[in-house]
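Visitor: Below: sequence and its predicted model.
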Amino acid sequence: MTSSRAASAAQLEGGILLARGVVGADTAGPRMAPRGAVFALSLALGRGIHAILGAPEDGTIALGDLVSGRIAPSRGTLTVAGRSPARDASLRKRIAHLAHAPDLPDARDVATCLDIACRARGGGDASSMLERIGAGKLLARRLPSLTHGEARAVDAAIALSASCPLVLCVHEPFADVGPASASAIESVLRERASEERTVIVLTSTPRDAARLADDVLVLDRGRLVRGAGAGGHDLLDPPLWPHARPRRMELIAHVAGAASQTPPGEESPVRAIARRLSANAAISSVSWEEPPHGERGPSTLRIAGPDESACALALLDAADAEQAAIVGLSPVPATLVEVRMATEQLRIAANWQARMHAMTTANAMTLAPPQQASPQATSAPASEAEISAVAAAVPVASLEPVEPLPAPSESSLGESLPNDSLPAPQEPR
Amino acid sequence: MSVLSTLGVDVGLGARDARARIATRPAIVVILASVALALVAGMLERRAVGAGAVDRALRAVFNLVVPLSSFALFALATGRRRLDQTVWSVARFGADRRGVALGAIASAWVASALVAALAAVVAVVSAHGGASAPLASDALTSAWIAALTACSYVSWFAIGATFLRFGGGRGVILVIDFILGDLGVLASLMPRGLAKNLLGLAVSDLPQRGASAILVATAVVGALIAALRCGR
């Protein structure tokens, strides 16, 4: 009892979100039909920025609705600071949610709408936040006259202005927010995270997820299937599937100078670099684009190869040899399709290894004499108090087993969660 | 005490939210249509047979204008959605869904009661003749009965709006009231039968005082049931 109370106190302080075997569907489809759903979702999120990568059809809207309390889980439990957002109105005062579609209180103008929101929440200064994110001119507008993006900007201001929120859950915070500035929104999100709040970014853009979050989780068809560390760099790790083709790494370089800026008869710097790179074995493809005639600005060079470091090195060598200046260099961000493909390969690999494991166990059982199972070998689901205690001790985030091959003997939070949260075997999309 | 004051704030916010939804152009159309129908009914009845014209005009108002105008105004107050979905726009910021729902129902009560009372007064005035009861008392009595009936309708629709997708249950309530509203046991529960009892057009054996008490009770209890069905 005492340890449970201590865990609850720790949760309250840390604003932790706990989901255990949660099933729930949104109502964002046509005529309120479900657009996406989450299945057997188990995770624990602590302080910091967590990105959950997936499309609405993967359940990001459903997850946002569950966290905000709009819908209650049809199975399982989801708690924030030990309480259910769907059943506790006072808890919702401390949960800020930017939904995929604005659902603002009806009022004559934006100022009145913000006033209603702040009164309901019992504090906060949404008008100042609207100014801060660069959408202050909306304050005097009539509510029905707002476009979808402008209404989302108002919704974003309300969400971001929440004073001491336990959880701040934002769905695509940089997309379709009208006049609001993405950089201002990002700075507020980082500010909230630095105030030890739990910030959840639901996005379908790997670039946003990687740029913003301390950790990236991938939601695929309603299940959390894998995670990536800060920056999401390992989202596209080579899959475990032994025969899978490795991904080509791509780099984009901005090279100073263009054909229109070079003397007649001379080769432009970008062309010279491209010519030199085409002879390099580390580079498998080169393409370039120069600014239109009469326009100044850097040319863009895109190179690809099996090894990112080798590509970058070859590029620098070529630029050095041609005495050309490279003004910018960036990797080509992964697309959600690529993340999905990599995830699918992980899923197939996990299935394959699980089957192999089952076959090996079955063979061993037929060969060996029957033995009584030892208590340590059975994997009983952990109690809520156990999960709470472990989750409260986790500073940033942890989630259900994302490893393709679960290791029954290891002790971790993932292992203490039920096995129904494992990736499903090859469901047809 | 703090629970009550919080509930009061939530009710106020819900009422404010619903009022903004009602105060739109469609509401003006509902008001004008209600008044026009009541006026036409009164004038036609007065021209046809002078004696009992007020009763017949009021029957038309209570059969058609009051339920339809209440239905339309409640649909506006809820934005043609389920009641629990309507209140979410305020409840998402931490207000209790039940309090916000009560506020929304209260706003719909006020709007529907005013429109129904206005329609009843217009019907009485337009149908009034030499043989009719004194105009002022007749209009006043009809007005409060219409207002009470409208409140009861709104509460029934509120219960209906917690069922089916988009709150389609309120349409089911309207149909039940039209078909069975003055028959058998339902006549002593549905607003149509109770209102007719109050007007002296008895469809059941209920005394007038009992009918008005049941109207008040259905309005209050119905609102509470609808609010409770919205959850927290």
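Guide: Yes, it's here.
Visitor: Would you map the helices across chain B?
Guide: B:2-22, B:25-48, B:53-60, B:66-78, B:83-86, B:88-91, B:97-127, B:135-160, B:169-180, B:191-198, B:208-229 (DSSP state H).
Visitor: Need these in CSV (columns: mean neighbour count).
Guide: All C-beta spots, glycine's among them, are computed from the backbone N, C-alpha and C. What follows is those, written out as CSV (neighbours: other C-beta atoms under 10 Å in any protein chain shown):
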stretch, mean neighbour count
helix B:2-22, 19
helix B:25-48, 17
helix B:53-60, 23
helix B:66-78, 26
helix B:83-86, 24
helix B:88-91, 27
helix B:97-127, 26
helix B:135-160, 24
helix B:169-180, 17
helix B:191-198, 26
helix B:208-229, 18
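Visitor: Quick one: those as CSV, columns for distance to residue A:262 too.
Guide: Converted to CSV, the helices of chain B look like this (distance: least, C-beta to C-beta, whole Å):
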stretch, distance to residue A:262
helix B:2-22, 64
helix B:25-48, 65
helix B:53-60, 89
helix B:66-78, 68
helix B:83-86, 63
helix B:88-91, 60
helix B:97-127, 68
helix B:135-160, 76
helix B:169-180, 74
helix B:191-198, 86
helix B:208-229, 75
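Visitor: Can you name the residue of chain B nearest chain A?
Guide: residue B:94 (3.1 Å; C-beta to the nearest C-beta).
Visitor: Near that residue, how many other residues are there?
Guide: Neighbours of residue B:94 under the rule other C-beta atoms under 10 Å in any protein chain shown: 24.
Visitor: Contacts only, for it.
Guide: A:89-94, A:120-122 (C-beta atoms under 8 Å, 6 or more residues apart in numbering or on different chains).
Visitor: before we move on, what about residue A:109?
Guide: By C-beta under 8 Å, 6+ apart, the neighbours of residue A:109 are A:140-143.
Visitor: tell me which residues in the helix ranked longest in chain A are buried?
Guide: Identified as the longest helix of chain A according to DSSP H is helix A:336-367. Buried residues in helix A:336-367, counted by 16 or more other C-beta atoms under 10 Å in any protein chain shown: A:336, A:339-351, A:354.
Visitor: next one: that helix to chain centre, how far?
Guide: 25 Å (C-alpha atoms, centre = their mean, to the nearest Å).
Visitor: Repeat that for stretch B:8-22.
Guide: 18 Å.
Visitor: How about stretch B:116-129?
Guide: For stretch B:116-129, the distance to the chain centre is 17 Å (C-alpha atoms, centre = their mean).
Visitor: Identify all contacting residues around that stretch.
Guide: So stretch B:116-129 is contacted by B:31, B:34-35, B:37-39, B:41-43, B:45-46, B:50-51, B:53-54, B:56-58, B:60-62, B:65-66, B:69-70, B:135, B:138-139, B:142-147, B:149-150 (C-beta under 8 Å, 6+ apart).
Visitor: Just give the nearest non-adjacent residue to the residue of chain B closest to chain A, would you?
Guide: Among residues not flanking residue B:94 along the chain, residue A:93 sits closest, at 3.1 Å (C-beta to C-beta, 6 or more residues apart in numbering or on different chains).
Visitor: same thing with residue A:176?
Guide: Nearest one to residue A:176, counting by C-beta to C-beta, 6+ apart, is residue A:149 at 4.7 Å.
Visitor: What of residue B:167?
Guide: Nearest residue to residue B:167 in three dimensions, chain neighbours excluded: residue B:161, at 3.6 Å (C-beta to C-beta, 6+ apart).
Visitor: What residues does that neighbour make contact with?
Guide: So residue B:161 contacts B:74, B:78, B:82-83, B:86, B:167, B:169-170, B:226 (C-beta under 8 Å, 6+ apart).
Visitor: Need phi/psi at it.
Guide: Dihedral pair for residue B:161: phi -70, psi 0, per degrees, to the nearest 10.
Visitor: confidence score at it?
Guide: With respect to pLDDT, residue B:161 scores 96.
Visitor: which parts of the stretch 101-250 of chain A sit against chain B?
Guide: For the stretch 101-250 of chain A, the residues in contact with chain B under the definition C-beta under 8 Å from any C-beta of the partner chain are A:103-108, A:112, A:116-122, A:158.
Visitor: which one among these gets closest to residue A:314?
Guide: residue A:158 (50.1 Å; C-beta to C-beta).
Visitor: you'd agree that closest one is in a helix?
Guide: Yes: counting by DSSP: H, G, I helix; E, B strand; the rest coil, residue A:158 is located in a helix.
Visitor: Give me the distance between residue A:54 and chain B.
Guide: 22 Å (C-beta to the nearest C-beta, to the nearest Å).
Visitor: from what I can see that residue touches residue A:224, true?
Guide: No: taking contacts as C-beta atoms under 8 Å, residue A:54 lies outside contact range of residue A:224: 9.0 Å.
Visitor: Of these two, which one has the most company?
Guide: The neighbour count for residue A:54 versus residue A:224, taken as other C-beta under 10 Å, is higher for residue A:54 (30 against 27).
Visitor: for the more buried one, phi and psi?
Guide: phi 170, psi 160.
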